[in-house]
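**Student:** from the sequence below, what's the structure:
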Amino acid sequence: MALSQPCFTDLALDQQLYNIYKATLQVGEFEVGLHDQIDYTYFGATNNKDTEQYLLGGNVVSTITYVYFTMPPTVNDANIATKSIAYP
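**Tutor:** The predicted structure is shown next:
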């Protein structure tokens, strides 16, 4: 078995692998594309993300950009106003 969670034990191996593959394409409400690396940038010394880049073989496949209610955020855990995705 590729996965041990009870919800997957009734699935054939190829269906389990398909589910894993599909999970790598969806991040929240966005379709990020197949990727093998994720790079994050942050605002200053905070834990607030500026961008998330999804890469495959070193090439960017998509970038999620964060906008906060206070820009730039200067304290940790700032409230996100919007997120957007771009594809090269």
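**Student:** and Pro72, helix, strand or coil?
**Tutor:** coil (DSSP: H, G, I helix; E, B strand; the rest coil).
**Student:** Leu55 contacts His35, correct?
**Tutor:** Yes - Leu55 lies in contact with His35 (CB atoms under 8 Å); the separation is 5.8 Å. No exception for glycine: its C-beta is placed from N, CA and C like everyone else's.
**Student:** okay, and the common contacts of those two?
**Tutor:** Shared contacts of Leu55 and His35 (CB atoms under 8 Å, 6 or more residues apart in numbering): Val61.
**Student:** give me the number of residues near Glu31?
**Tutor:** Glu31 has 10 neighbouring residues, counting by other CB atoms under 10 Å.
**Student:** now it: phi and psi?
**Tutor:** In terms of degrees, to the nearest 10, the main-chain angles of Glu31 are phi -90, psi 110.
**Student:** quick check: it vs Val67, distance?
**Tutor:** 20 Å (CB to CB, to the nearest Å).
**Student:** for Lys49, same thing?
**Tutor:** On the measure of CB to CB, Lys49 and Val67 end up 11 Å apart.
**Student:** same question for Asp39.
**Tutor:** In terms of CB to CB, Asp39 sits 19 Å off from Val67.
**Student:** try Glu29
**Tutor:** Taking CB to CB, one finds Glu29 at 15 Å from Val67.
**Student:** more neighbours, the two?
**Tutor:** Val67 (13 against 7).
**Student:** tell me if I'm right that that one and Asn79 touch.
**Tutor:** No - if you go by CB under 8 Å, Val67 and Asn79 don't touch, sitting 10.5 Å apart.
**Student:** can you check which residues contact both of these two?
**Tutor:** Common neighbours of Val67 and Asn79 (CB under 8 Å, 6+ apart) do not exist.
**Student:** mind listing the helices in the chain by residue range?
**Tutor:** Secondary structure of the chain (DSSP state H): helices located at 13-23.
**Student:** which stretches of it have low pLDDT?
**Tutor:** 1-27 (pLDDT under 70).
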